[in-house]
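Asker: I would like to see how this sequence folds:
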Amino acid sequence: MPVAFVLINAEVGKIRGILSELRKIDGVVEAYSVAGPHDIVVKLQAEKFERVAESVTQKLHKIGGIKNTVTLFAFE
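Answerer: Model prediction:
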């Protein structure tokens with residue numbers, strides 16, 4: 001089953017709200033706030049890579065407070 005990890009940079013003070021919204025999205029398996037160059041890491045899973053990509057472009061990007069994302073598709 002295709003998996004992707006999404007690294008998210010959030011606006012100051014928005015991390016908890018973003019995590020709450022992320023966890024409501026179908027396909028989000030895990031979501032964590034993290035220390036380092038990114039604020040949040042999300043694990044997405046779906047039947048096809050196209051569905052994973054749709055979750056990022058059509059659902060994640062609509063959440064307020066997200067400044068930018070980096071999507072890493074896993075192959076093994």
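
Asker: who's residue 28 bridged to?
Answerer: Legend: beta-bridge partners of residue 28 under DSSP bridges are residue 44.

Asker: Surely it and residue 56 touch.
Answerer: No - when contacts are counted by CB atoms under 8 Å, residue 28 is not listed as touching residue 56 (10.5 Å). C-betas here are computed from N, CA, C, even on glycine.

Asker: Name the residues contacting each of those two.
Answerer: Listed as contacting both residue 28 and residue 56 by CB atoms under 8 Å, 6 or more residues apart in numbering are residue 44.

Asker: Now for this protein, the helix or strand with the poorest mean pLDDT.
Answerer: Taking mean pLDDT, DSSP states H and E as the measure, the chain has helix 49-54 as its least confident helix or strand, at a mean of 89.

Asker: which residue sits closest to residue 17 in space, ignoring its chain neighbours?
Answerer: For residue 17, ignoring the flanking residues on the chain, the nearest one in space by CB to CB, 6 or more residues apart in numbering is residue 65 at 6.2 Å.

Asker: Tell me which residues touch the one you found, please.
Answerer: With contacts defined as CB under 8 Å, 6+ apart, the neighbours of residue 65 are 10-11, 14-15, 17-18.

Asker: so of the residues you listed, which ones are in strands?
Answerer: For the contacts of residue 65, the ones inside strands are residue 10, with DSSP state E as the criterion.

Asker: Can you tell me which helices and strands the helix or strand harbouring residue 31 packs against?
Answerer: Take DSSP states H and E as the rule and residue 31 turns out to sit in strand 28-33. In this structure, strand 28-33 packs against helix 15-22, strand 40-45, with contacts taken as 3 or more CB pairs under 8 Å, 6 or more residues apart in numbering; DSSP states H and E.

Asker: before we move on, the earlier item: quick check, pLDDT for the residue nearest to residue 17.
Answerer: Confidence per residue is given as pLDDT, and for residue 65 that number is 97.

Asker: Quick check on it: phi, psi?
Answerer: Geometry field for residue 65 lists phi and psi as phi 100, psi -10, criterion degrees, to the nearest 10.
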